[in-house]
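J.: Sequence and predicted structure are below.
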Amino acid sequence: MLKTHCCGELRASNEGESVALAGWVHRRRDHGGLIFIDLRDHDGLVQAVFNPKENADAYTVADSCRGEYVLLAKGTVARRPKGTENAQLPTGDIEVRVSEAQVLNPSKTPPFYITEETDVEELLRLKYRYLDLRRETMHQNIVTRHRVVKFIRDFLSERGFTEIETPLLTAPTPEGARDYLVPSRVHAGRFYALPQSPQQFKQLLMVAGFERYFQIARCLRDEDLRADRQPEHTQLDLEMSFISDEEDIFRLAEELYYSMAQTLFPQRPVQAHPFPRMTYEESVRRYGSDKPDVRYGLELSDFSEALRDTEFTVFRQVLASGGMVRGLCVPGGATFSRKQTDDLTTLVQQYGAKGLVSMAFLGEGSIDSLAEEDIRSPVAKYFSVEQAKEMARAAGANRGDMLLMVADRLSVANRALDGLRRELADRLELYDPNVLAFAFVNEYPLLEWSDTEERWMSVHHPFTSPYLEDLEFIESDPGRVRSHAYDLVCNGWELFSGSIRIHRRDVQERMFTALGISPEEAKRKFGHMLEAFEYGAPPHAGIGAGIDRLLAVLTGQPDIREVIAFPKTKSAGEPLTGAPTTVSQQQLDELHIAVTGVEEEVERTGGQ
Ligand code: ASP
């Protein structure tokens, strides 16, 4: 190797050693006579000193260097002069006095600073991702990702899991997104689908007798992108046979995530261990969401009962049409200004709610002694003091607090209040950002009605086992059937989903029928699964656990793009390579593909 040491590894104990270092010029300072270069490599930074009196040639090389030049420097490790040590830097006690230097490759001035965490337009960062990844935080994120994945591999290997790869070119497997398709050259007019997940293959591996499988798998889903979604994401895909119930999966997952946090992120305390468990119904009732952030309270309350005789027309109409009045109590919220509550109203409207009703309780003493003048609300006149007291009690509010309420369809009210809850917790700094609050959510409904598709859809996916005791309702009252699906959440992010699977042909067939899939279609699309279940399929269960999301939570990044080496933009483009690109007519012909409607598309998007 050109180098004997990594830049970041030198310490005072190396004093006097001759070393060869190679890396990038991170910073260069000319101190009239002496040149200091902070040399950076994968491992860290070290200060190299060039003294013209000691070595004129090396000094001339240093003098020609600019930021991001690739430099080879040989010299001796020396203690820094007293008073010039840098306690911020692991190598801050020493410097390397350079006797020989060579530029291995110069560099153009980068389009943004590598040395500072300045705000740079994301498109530019993605176009020059190889430079963006040189920046310390990004570099660390990727290294941390490697450590997490290695931890997972070691942990599971020690527990008897076998890592097995499954195909990328395959038949569609439904996970609720559109498929990415790959045209077949050999079979004209036919397509492979890139897997939305290895779901079917991992179940087939259980039928094949592997009992404990995992894979760090790429999943490809063509769907609208958000902060926690990319066209391709990586998941820990895992499956186990002969589990007796969900607890077997929970215990394994708990040990994996807990020991990972303890080992790799000791500075991040885990809020509760064992992780709390709650049903889907409880999670939505208490937090308005099935991915609750349980680092703080601000739980939701239901005011429909307290408001049964309300005179307030807006509330009365919503209640009469089957909606709900739900809300939460903001501790100390009576001090909120008009502007603050107006901002929160705008926020809930972004989630589809029509408005937000506030009611603050002023004065001293208990809520029982509340008087008319202690109630501050734009709609105070519609409520009796008794009703206000009942509402305060329903939400556990005291004087000095404020209720915020949304009246709407249950799903809209919950969505808006979930958003409101997260915003308030941020504003009021109700949690320690270092804490990791894991929780399991289970007992999801098996099916939900889709107004757009006009049919029942899987809440998880079609291979999830219903509660067998609910199976009798799958035809008559599908919405009532509970499933053995479960999620792990952390700090309000969904970290994994999974389920106990169906392993009997008859149950799987009833499930397909409930989804509106005819026996012919089921046979055509999933005949291999139905058939496999007839050859001694063991009971099995598993999870698909997002690696990108896990990394975003653990490194405190707001978007999974920050923990992926080469992510795509929000419009699924890759600015670095220009993908997706057009292809030659010859390639299209070979693939039996005719492209239509493209001119309009180019016009509409400006070719982007
Ligand atoms: N296949 C599921 C997913 O990708 C996970 C699972 O059920 O194991 O979300």
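T.: Nice, thanks for sending it over.
J.: all contacts plus neighbour counts: C-alpha atoms, from now on.
T.: Will do.
J.: could you say what helices and strands the helix ranked longest in the chain packs with?
T.: Using DSSP state H, we find that the single longest helix of the chain is helix 136-158. Helix 136-158 is packed against helix 246-264, helix 547-555, with contacts defined by 3 or more Cα pairs under 8 Å, 6 or more residues apart in numbering; DSSP states H and E.
J.: Also compute the angle for the first one relative to helix 136-158, please.
T.: With axes from the mean of the first three to the mean of the last three Cα atoms, to 10 degrees applied, the angle from helix 246-264 to helix 136-158 works out at 130 degrees.
J.: now helix 246-264: how far from the chain's centre is it?
T.: Centroid separation for helix 246-264 versus its chain: 18 Å, with Cα atoms, centre = their mean, to the nearest Å.
J.: List the buried residues in that helix.
T.: 246, 249-250, 253-254, 258, 260-261 (16 or more other Cα atoms under 10 Å).
J.: Would you state the strands of the stretch 51-200 of the chain in chain order?
T.: Taking DSSP state E, counting those that start in this stretch as the test, the strands found in the stretch 51-200 of the chain are 70-79, 94-105, 162-163, 181-183, 191-193.
J.: between those, which gets nearest to Tyr59?
T.: Tyr59 lies closest, by Cα to Cα, to one member of the strands of the stretch 51-200 of the chain: strand 94-105, at 8.1 Å.
J.: Tell me how many other residues surround Arg376.
T.: Residues lying near Arg376 (other Cα atoms under 10 Å) number 16.
J.: ok, now how distant is the closest residue to it other than its chain neighbours from the ligand?
T.: Nearest residue to Arg376, sequence neighbours excluded (Cα to Cα, 6 or more residues apart in numbering): Ala360, at 5.0 Å. Distance, Ala360 to the ligand, using Cα to the nearest ligand atom, to the nearest Å: 43 Å.
J.: now Ala360, which residues is it bridged with?
T.: For Ala360, the beta-bridge partners are Arg376, Met402 (DSSP bridges).
J.: What parts of the protein come near the ligand?
T.: Residues of the chain found near the ligand (Cα under 6 Å from any ligand atom) are 197, 199, 497-499, 542-544.
J.: what about 5 Å?
T.: 197, 199, 498, 542-544 (Cα under 5 Å from any ligand atom).
J.: Need the strands of the stretch 51-200 of the chain in a markdown table (columns: mean neighbour count).
T.: Listed next are the strands of the stretch 51-200 of the chain as a markdown table, based on neighbours: other Cα atoms under 10 Å:
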| stretch | mean neighbour count |
| --- | --- |
| strand 70-79 | 22 |
| strand 94-105 | 20 |
| strand 162-163 | 16 |
| strand 181-183 | 16 |
| strand 191-193 | 17 |
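J.: got the residue ranges for the strands in the stretch 401-550 of the chain?
T.: Under DSSP E, counting those that start in this stretch, the stretch 401-550 of the chain gives strands at 402-408, 438-442, 447-450, 455-458, 485-490, 493-500, 540-546.
J.: for the first one, packing partners?
T.: Other helices and strands packing on strand 402-408, by 3+ Cα pairs under 8 Å, 6+ apart, are helix 313-320, strand 324-330, strand 357-361, helix 410-427.
J.: Show me the one of those that comes nearest Pro183.
T.: The nearest among those, by Cα to Cα, is helix 410-427 at 39.5 Å.
J.: Just the CA coordinates for that closest one, please, in PDB.
T.: Output of helix 410-427 as PDB, limited to C-alpha atoms (Å, rounded to 0.1, in the frame of the first residue of the first chain):
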ATOM      1  CA  LEU A 410     -62.900   9.300  12.300                       C
ATOM      2  CA  SER A 411     -60.000   8.700   9.900                       C
ATOM      3  CA  VAL A 412     -59.600  12.400   9.000                       C
ATOM      4  CA  ALA A 413     -59.800  13.500  12.700                       C
ATOM      5  CA  ASN A 414     -57.200  10.900  13.600                       C
ATOM      6  CA  ARG A 415     -54.800  11.800  10.800                       C
ATOM      7  CA  ALA A 416     -55.000  15.500  11.700                       C
ATOM      8  CA  LEU A 417     -54.600  14.900  15.400                       C
ATOM      9  CA  ASP A 418     -51.600  12.600  14.800                       C
ATOM     10  CA  GLY A 419     -50.000  15.500  12.800                       C
ATOM     11  CA  LEU A 420     -50.900  18.000  15.500                       C
ATOM     12  CA  ARG A 421     -49.600  15.800  18.300                       C
ATOM     13  CA  ARG A 422     -46.200  15.500  16.500                       C
ATOM     14  CA  GLU A 423     -46.000  19.200  15.900                       C
ATOM     15  CA  LEU A 424     -46.900  20.100  19.500                       C
ATOM     16  CA  ALA A 425     -44.400  17.700  20.900                       C
ATOM     17  CA  ASP A 426     -41.700  19.300  18.800                       C
ATOM     18  CA  ARG A 427     -42.700  22.900  19.700                       C
END
